[in-house]
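Trainee: Predicted model and sequence follow; I will ask about them next.
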Amino acid sequence: MTFVVIPILVGCLSVMTVRGRRESWQTGAPVARPRLVAAGGTYDGTRGQSSDAYVIQERLIAAAHGAPAPGGAQSTSGEGGAGGTGNADLAHTAAALALAAVVAARPQHAGAREADLGECTEAAHRAVRAAVECAPAGPGSSERDGHGVASSLDLVVLDQDEHSRLRYAHIGDGAIWHCAKGAEPRPITTAHVCDSGAMTRGLGLPAALAPEIGTLPLRSGDRVAIVTGGVTRALGTDRLEALLASRSSPAACLDRLYDEMAALEPEGDATVIIADVVTA
């Protein structure tokens, strides 16, 4: 009997020792971090002139839309597109340069302050202004066509702090939406447009920037979406809200948006980015 009990006790002590070591090792193990699982795309408008650009990274999503500035020589489009052909290429260039400045600034790796996004927006503004100033004069015009071009910018950064939060910057005719888990989607920005649809605030304009910059607490399962002005004009706010409320994957939600825009055939570009917050 004694020989039977001793092996059992030794076995129990061994299990306790192993468990203790295992728990000690787990204390220093990597902790799961939040990230964005996103799908995005640009539905090309029937005008056939690109004006949108977007970027998706692990903790950053952004979109920009180049368009005529109010009073610009080519500001003739009622849908906020690139207007005449003279400004079409420059409008797309303005959007691309804005996003290039955002990527170069790496705001998702900065000091996690709202001021970081303000500085990032300023850098994008300078990039667009430089393109505007270097644009050649159009035929029969004493002024550079670029003087009538601006770009929107919608930028979202996911911070990996102890409590996840979203930082965002917005200027122009686009929109950022937040779909909290279990709640209805809601826009967290306001479009900077006049009655004609032209941007009243935007990158590249001589007026002061005054972007909307803020933060928002997030939790796993929340959804964030960025849309350019072409999406809102094509679908309307109510229909967009209904589509974003779907709990299908970002890719499936994007497919549904594409199907509806294909039926409507919008004149200008329409860009959508849909991102879910996950912990992995």
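Mentor: Here it is on my side, so go on.
Trainee: can you map out the strands along the stretch 51-200 of the chain?
Mentor: 52-57, 60-68, 149-151, 153-159, 165-171, 175-179, 186-187 (DSSP state E, counting those that start in this stretch).
Trainee: Go through those and name the closest to residue 243.
Mentor: strand 175-179 (10.4 Å; Cβ to Cβ). Glycine gets a C-beta too; all of them are placed from N, C-alpha and C.
Trainee: any idea of the angle the closest one forms with strand 153-159?
Mentor: 30 degrees (axes from the mean of the first three to the mean of the last three Cα atoms, to 10 degrees).
Trainee: What pairs with strand 175-179, parallel or antiparallel?
Mentor: Using DSSP bridges, strand 175-179 pairs in its sheet with strand 186-187 (antiparallel), strand 223-227 (antiparallel).
Trainee: Assess the claim that residue 260 and residue 236 are in contact.
Mentor: No: taking contacts as Cβ atoms under 8 Å, residue 260 lies outside contact range of residue 236: 10.4 Å.
Trainee: So for those two, which residue has more residues nearby?
Mentor: Using other Cβ atoms under 10 Å, the more surrounded residue of residue 260 and residue 236 is residue 260, with 15 against 12.
Trainee: Quick check: chain neighbours aside, which residue is closest to residue 53?
Mentor: Distances taken as Cβ to Cβ, 6 or more residues apart in numbering put residue 95 closest to residue 53, at 4.2 Å, once the chain neighbours are dropped.
Trainee: and that neighbour, what is it in contact with?
Mentor: Applying Cβ atoms under 8 Å, 6 or more residues apart in numbering, one finds that residue 95 lies in contact with 51, 52, 53, 64, 65, 66, 151, 152.
Trainee: distance of it from residue 244?
Mentor: Here the criterion is Cβ to Cβ, to the nearest Å. By it, residue 95 lies 23 Å from residue 244.
Trainee: before we move on, what about residue 106?
Mentor: 28 Å.
Trainee: could you measure residue 215 against residue 163, distance?
Mentor: Separation of residue 215 from residue 163 (Cβ to Cβ): 11 Å.
Trainee: The two: which has the busier surroundings?
Mentor: residue 215 (15 against 9).
Trainee: Go ahead and list the helix or strand containing that one.
Mentor: Per DSSP states H and E, residue 215 falls inside strand 212-217.
Trainee: Give me the helices and strands touching that strand, please.
Mentor: Packing contacts for strand 212-217, counted by 3 or more Cβ pairs under 8 Å, 6 or more residues apart in numbering; DSSP states H and E, involve helix 114-134, strand 165-171.
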